[in-house]
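Undergrad: Quick one, fold the following:
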Amino acid sequence: MDTAERLRTAGLRVTGGRVQVLEALAAHPHADAETVRRALVDRGYPMSVQSVHNVLGDLADAGVLGRIEPAGSPVRYENRVGDNHHHLVCRSCGAVEDVDCVVGAAPCLTPSSAAGYTVERAEVVFWGRCPRCAAGA
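TA: This is a model prediction of the structure:
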């Protein structure tokens with residue numbers, strides 16, 4: 001599905017800013033707002049960091065983007081949505097990698113007690129050191 005179709009399917013208008021942000025994230029997966037802003041400037045599409053935050057928030061709220069919030073790190077965004085995958089985060093450099101769901105279909109993990117909740121999704125973050133940082137130690 002192309003970028004414009006993704007936006008329309010989510011009920012959003014296709015705007016230059018939204019298209020540019022989605023394309024920047026395709027080139028920079030797991031990026032924070034400042035990284036997206038810098039990528040937009042490099043592409044000749046300058047936006048204020050507040051505008052980038054607004055677009056990212058709107059896209060995440062509409063389900064077009066995933067939002068991940070590793071502890072001690074700025075919120076990151078990604079194009080990969082709908083499959084309940086997890087993440088590996090390097091404690092040294094902050095690199096983030098996708099890892100497929102541990103068990104299978106969403107929510108792929110079952111809590112020992114759901115307290116009456118209907119569990120729809122599980123979010124798992126694996127912490128460690130990436131190969132580059134581990135090799136430098």
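Undergrad: Now do the same for Arg91: its pLDDT.
TA: Each residue has a pLDDT score; the one for Arg91 is 90.
Undergrad: ignore the last one, Val102
TA: 67.
Undergrad: Packing partners of the one helix or strand Gly57 maps to?
TA: Per DSSP states H and E, Gly57 falls inside helix 49-61. Applying 3 or more C-beta pairs under 8 Å, 6 or more residues apart in numbering; DSSP states H and E, one finds that helix 49-61 contacts helix 16-27, helix 33-42, strand 66-68, strand 76-78. Quick note: C-beta positions are derived from backbone N, CA and C, even for glycine.
Undergrad: Of the ones you listed, flag the one that's most buried.
TA: Of all those, strand 76-78 has the most neighbours on average by mean count of other C-beta atoms under 10 Å, namely a mean of 24.
Undergrad: quick check: angle from the helix holding Gly57 to helix 33-42?
TA: Put simply, helix 49-61 runs at 110 degrees to helix 33-42, going by axes from the mean of the first three to the mean of the last three C-alpha atoms, to 10 degrees.
Undergrad: Would you pull up how far helix 49-61 lies from the middle of the chain?
TA: 12 Å (C-alpha atoms, centre = their mean, to the nearest Å).
Undergrad: Give the buried residues for it.
TA: 52-53, 55-56, 58-60 (16 or more other C-beta atoms under 10 Å).
Undergrad: So what touches that helix?
TA: 10, 12, 17-18, 21-22, 33-34, 36-37, 40, 47, 65-67, 77 (C-beta atoms under 8 Å, 6 or more residues apart in numbering).
Undergrad: with the residues you listed in mind, which one is nearest to Leu88?
TA: If you rank those by distance to Leu88 using C-beta to C-beta, Gly66 comes first, at 14.9 Å.
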